[in-house]
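Engineer: Coordinates for the following, if possible.
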Amino acid sequence: LSRRPDVYNILYRSIAPSISGSYTHDIKKAILCLLFSGTRKRLPDGMRLRGDINVLLLGDPSMAKSQFLKYATQVAPVGVYTS
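Structural biologist: Numbers count the residues shown, from 1 in each chain. All right, here's what the predicted structure looks like:
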């Protein structure tokens, strides 16, 4: 899978496959980045920055926002869902 040039597309399409629609592509890409997280950094002055990525989903009712985040917490080893 890592050798395929379209690995990013494969991975983001695998996020919550039961939820579909043209509006979901960017949401799924954001959640994919959330699941892989960032890296911790130590600055030259000794300060440490967390590598956590936070996502805020805003939108109309019935747009599957909660379902996306619940999916992410089920997949992530240390995911926390708050609403």
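
Engineer: what about residue 15, neighbour count?
Structural biologist: Neighbours of residue 15 under the rule other CB atoms under 10 Å: 20. In short, each C-beta sits where N, CA and C put it, glycine included.

Engineer: Sorry, slip of the keys, the one I care about is residue 45.
Structural biologist: Counted with other CB under 10 Å, residue 45 comes out at 5.

Engineer: How about the one 4 residues further on?
Structural biologist: By other CB under 10 Å, the residues close to residue 49 number 11.

Engineer: Verify the stated contact: it with residue 41.
Structural biologist: Yes: between residue 49 and residue 41 there is a contact under CB atoms under 8 Å: 4.5 Å.

Engineer: This structure: strands as residue ranges?
Structural biologist: 41-42, 48-49 (DSSP state E).

Engineer: among the ones you listed, which is nearest residue 23?
Structural biologist: strand 48-49 (31.9 Å; CB to CB).

Engineer: Which other helices and strands does that closest one contact?
Structural biologist: strand 41-42 (3 or more CB pairs under 8 Å, 6 or more residues apart in numbering; DSSP states H and E).

Engineer: In the protein, which helix is the longest?
Structural biologist: Taking DSSP state H as the criterion, the chain has its longest helix at helix 24-36.
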